[in-house]
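>>> All I have is the shape, not the residue letters:
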């Protein structure tokens, strides 16, 4: 059910969950002060209770109301990347951030999105809690149709068109007087060095008993189709191939384009829609060309596919 900005605002203030667009992916939104709506998000998604959520703010200045201590470098990051696809994890004021949002951790994750509709909504509702608007473990939603696929035509969705980025936000965690990357995302790791004066360590939480941000621990982004990731592609593959316009897959029975192999932005923006397309068409398996650099946005792109895949060859 497509709703207007005004309707979305009213739904949220009355304690309902609403699908809303951001520049990364669509989110399932609930007001921070609506505990029942926040609990409903977990139920709707089938999301484990120990998987924390992200608090979305209208401005960086609002962080002062919710974080216990704020390092000076926080404001440098906020100035450089907010509004935008960056999430920052800081020690939280427990009375201000419900334990269900924090998964009972002492920290909380914060972001200021750049999508115009999300920003207008936040200015009217106050902080919103949002995970991605998809069933837990499935590919994220990058358009309103995807939200309706997972939650039904009657679910309220604010339609903001296709998401610009198509990948979730990069998450940085403040610990031991420095930042580390705990989820790869729409901002490449190399972007932070000039701002911070050092390159943050990448620590994605493998082996942790408790995830400290969304996207850790659990299998994510996966279609029902089996994905076989190919590091050195063979022309002999005869099945459905997901690959690049500037490469040759002459034996493939079908080709789905991610764009050009020199354009990680387009490939990232298309990825989840393509994975959903496989399920819509009832496709059993596909081969994915991942002969790509281990750097920049390609690093995030490949990490998402690793989490969604059945096999690497």
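Received it, and whenever you're ready, just let me know what you need. None of the values given here were measured: they were computed from a predicted structure.

>>> Relative to residue 237, how far out is the residue nearest to the spatial centre of the chain?
The residue lying closest to the centre of the chain (CA atoms, centre = their mean) is residue 168, at 2.3 Å. Distance, residue 168 to residue 237, by CB to CB, to the nearest Å: 30 Å. Where C-beta positions appear, they are placed from N, C-alpha and C, glycine not excepted.

>>> One more: residue 149?
In this view, residue 149 and residue 237 are 29 Å apart by CB to CB.

>>> Quick one: low-confidence residue ranges for this structure.
Where the chain drops to pLDDT under 70, the residues are 206-219, 310-313.

>>> Which parts of it belong to which domain?
Domains of the chain are assigned by automatic domain parsing as 2-202, 226-312.

>>> from those, which stretch is densest packed?
domain 2-202 (a mean of 19; mean count of other CB atoms under 10 Å).

>>> Would you map the strands across the stretch 101-250 of the chain?
According to DSSP state E, counting those that start in this stretch, the stretch 101-250 of the chain carries its strands in the segments 107-111, 128-130, 157-158, 170-175, 178-183, 201-202, 226-230, 240-243.

>>> What's the end-to-end length of stretch 144-157?
For stretch 144-157, the separation between the terminal residues is 7 Å (CA to CA, to the nearest Å).

>>> Now do the longest helix along the chain and strand 226-230, the angle between them.
Under DSSP state H, the helix in the chain containing the largest number of residues is helix 264-280. If you take axes from the mean of the first three to the mean of the last three CA atoms, to 10 degrees, helix 264-280 sits at 150 degrees to strand 226-230.

>>> Which residue ranges of the stretch 51-200 of the chain form helices?
Secondary structure of the stretch 51-200 of the chain by DSSP state H, counting those that start in this stretch: the helices cover 72-81, 99-102, 116-125, 144-151, 193-196.

>>> tell me the contacts of the closest residue to residue 269 other than its chain neighbours?
The spatial neighbour of residue 269 that comes closest, neighbours along the chain excluded (CB to CB, 6 or more residues apart in numbering), is residue 166 at 3.7 Å. Residue 166 is in contact with 24, 25, 142, 186, 268, 269, 270, 271, 272, 273, counting by CB atoms under 8 Å, 6 or more residues apart in numbering.

>>> biggest separation within those, which pair?
186 and 273 (15.3 Å; CB to CB).

>>> Relative to residue 10, how far out is the residue nearest to residue 16 when sequence neighbours are not counted?
Among residues not flanking residue 16 along the chain, residue 37 sits closest, at 6.3 Å (CB to CB, 6+ apart). Distance from residue 37 to residue 10, counting by CB to CB: 13 Å.

>>> cool, residue 114 as well?
24 Å.

>>> ditto for residue 102
In terms of CB to CB, residue 102 sits 27 Å off from residue 10.

>>> Residue 49 now?
28 Å.

>>> now residue 35
For residue 35 relative to residue 10 (CB to CB), the value is 19 Å.

>>> How about the contacts made by residue 109?
Residues near residue 109 by CB under 8 Å, 6+ apart: 52, 53, 54, 55, 87, 88, 89, 171, 213, 214.

>>> Is it possible to get a markdown table of the residues you listed that adds distance to residue 223?
As requested, the contacts of residue 109 are exported to a markdown table (distance: CB to CB, whole Å):
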| residue | distance to residue 223 |
| --- | --- |
| 52 | 25 |
| 53 | 24 |
| 54 | 24 |
| 55 | 29 |
| 87 | 25 |
| 88 | 30 |
| 89 | 29 |
| 171 | 24 |
| 213 | 23 |
| 214 | 19 |
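
>>> Taking those together, which two end up most distant?
Within these, 53 and 88 form the most distant pair, 14.3 Å apart (CB to CB).

>>> got a list of what the closest residue in space to residue 33 that isn't next to it in sequence touches?
Excluding the flanking residues, the one nearest residue 33 by CB to CB, 6+ apart is residue 126, at 7.4 Å. Neighbour list for residue 126: 31, 32, 33, 58 [criterion: CB under 8 Å, 6+ apart].

>>> Could you save the residues you listed as JSON lines and add columns showing secondary structure and distance to residue 279?
Formatted as JSON lines, these follow (DSSP: H, G, I helix; E, B strand; the rest coil; distance: CB to CB, whole Å):
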{"residue": "31", "secondary structure": "strand", "distance to residue 279": "32"}
{"residue": "32", "secondary structure": "coil", "distance to residue 279": "33"}
{"residue": "33", "secondary structure": "coil", "distance to residue 279": "36"}
{"residue": "58", "secondary structure": "coil", "distance to residue 279": "35"}
